[in-house]
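Student: sequence-free structure coming up:
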């Protein structure tokens with residue numbers, strides 16, 4: 001496993017080849033923004049998700065009428081990505097089929113993950129190339145964890161997720177992080193643009209999954225100081241918000257997904273899942289999200 005240090009002005013980051021995860025991000029004040037993967041709580045920093053987001057029924061997907069084994073969030077957490085390009089302020093890592101992925105996903109692909117810094121922020125870009133001779137269905141997404149609280153003397157409950165536009169507060173229920181079994185209107189969502197954070201929200205439900213949002217941008221901020229970060233996901237249709245249930249842990253994940261977990265009432269054909277992209281042979285699909293400190 002290799003790690004690369006990136007820098008742009010007063011902004012610094014570190015990215016590792018294992019799972020193509022960004023493991024550190026600091027702005028001008030030097031504070032660590034990313035969760036530092038405490039193995040006693042959640043031993044990850046910012047996984048990338050491909051070719052599924054969330055759980056699938058019985059850990060299987062069906063493509064072209066054939067069933068294949070598939071793990072939650074896909075197979076990109078454990079493999080080593082190869083270095084494609086490196087600069088002072090960016091790194092591009094790429095994954096091609098591995099011995100782990102081949103039994104799960106019968107396609108020839110290149111999955112690029114690029115991190116690029118700017119002053120006070122960074123962008124994660126995904127680029128998928130279909131090198132096969134048939135249509136390739138795919139989903140993808142991010143799973144970055146951010147320290148919360150972010151400033152001395154603050155508590156997790158001092159923070160809110162503030163949406164760019166008014167939202168309904170409808171949450172897709174996925175008990176235990178499994179299949180989606182229904183929806184609910186969050187009782188905490190009394191302001192159509194504000195979700196107050198509390199550990200109880202996640203202890204009762206696991207992840208919050210917002211599909212069909214009006215917003216493509218949210219802020220994770222302290223309700224009084226208004227400090228925190230802005231999170232933009234222009235092409236992603238779904239945003240999940242998560243911290244480990246029952247852990248009372250000082251972090252929260254903002255997860256932009258082009259895709260979503262399987263729904264209990266759906267069939268198993270991957271090609272018909274919500275938000276799946278059907279990528280033609282020889283074509284590429286690109287999406288991204290951006291983190292900016294406030």
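Tutor: Right, received. Where do you want to start? The model shown is predicted, which means the values in this text are computed figures rather than measured ones. Residues are numbered from 1 along each chain as shown.
Student: Please count neighbours and contacts with C-alpha atoms only from this point.
Tutor: Fine.
Student: Report the distance from stretch 114-133 to the chain centre.
Tutor: Put simply, stretch 114-133 sits 13 Å off its chain's centre (CA atoms, centre = their mean, to the nearest Å).
Student: Just the buried positions in it, please.
Tutor: Of the residues in stretch 114-133, 114-118, 120-132 count as buried by neighbour count, 16 or more other CA atoms under 10 Å.
Student: Now it: average pLDDT?
Tutor: Averaged over stretch 114-133, pLDDT sits at 98.
Student: pLDDT weak spots in the stretch 101-250 of the chain?
Tutor: Of all residues in the stretch 101-250 of the chain, none has pLDDT under 70.
Student: Could you list which residues are in contact with the residue lying closest to residue 3 once chain neighbours are set aside?
Tutor: In space, and not counting its chain neighbours, residue 3 is closest to residue 16: 4.1 Å by CA to CA, 6 or more residues apart in numbering. Residues in contact with residue 16 (CA atoms under 8 Å, 6 or more residues apart in numbering) are 1, 2, 3, 4, 22, 23.
Student: which stretch of helix or strand covers the fourth one?
Tutor: In this case it means residue 4. strand 3-8 (DSSP states H and E).
Student: Run the chain-centre distance for that strand.
Tutor: A distance of 21 Å separates the centroid of the chain from that of strand 3-8, by CA atoms, centre = their mean.
Student: so after that strand, what's the next helix or strand?
Tutor: Downstream of strand 3-8, the first helix or strand assigned by DSSP H and E is strand 11-16.
Student: Quickly list what residue 140 is bridged to.
Tutor: Counting by DSSP bridges, residue 140 forms beta bridges with residue 258.
Student: Let me see the contact set for it.
Tutor: 48, 49, 50, 51, 52, 53, 257, 258, 259.
Student: what are the ranges of the helices in the chain?
Tutor: 199-205 (DSSP state H).
Student: what's the closest non-adjacent residue to the residue positioned nearest the centre of it?
Tutor: The centroid of the chain falls nearest to residue 142 when counting by CA atoms, centre = their mean (2.1 Å). Spatial nearest neighbour of residue 142, excluding adjacent residues (CA to CA, 6+ apart): residue 48 at 4.8 Å.
Student: need the contact list for the one you found.
Tutor: Neighbouring residues of residue 48 by CA under 8 Å, 6+ apart: 19, 20, 21, 76, 77, 140, 141, 142, 143.
Student: One more pass at 7 Å, please.
Tutor: If you count contacts by CA atoms under 7 Å, 6 or more residues apart in numbering, residue 48 has them with 76, 77, 141, 142, 143.
Student: Closest one of the residues you listed to residue 214?
Tutor: For the contacts of residue 48, the residue nearest residue 214 by CA to CA is residue 141; the value is 18.2 Å.
Student: show me the contacts for the closest one.
Tutor: Residues in contact with residue 141 (CA under 7 Å, 6+ apart) are 48, 49, 50, 53, 255, 256, 257, 258.
Student: re the thing from before, partner strands of the strand holding residue 4 and their direction?
Tutor: Strand 3-8 pairs in its sheet with strand 11-16 (antiparallel), by DSSP bridges.
Student: what's the distance between the partner strand and the middle of its chain?
Tutor: Remark: strand 11-16 is offset 17 Å from the chain centroid, using CA atoms, centre = their mean.
Student: what mean pLDDT does that strand have?
Tutor: Rounded mean pLDDT across strand 11-16 is 98.
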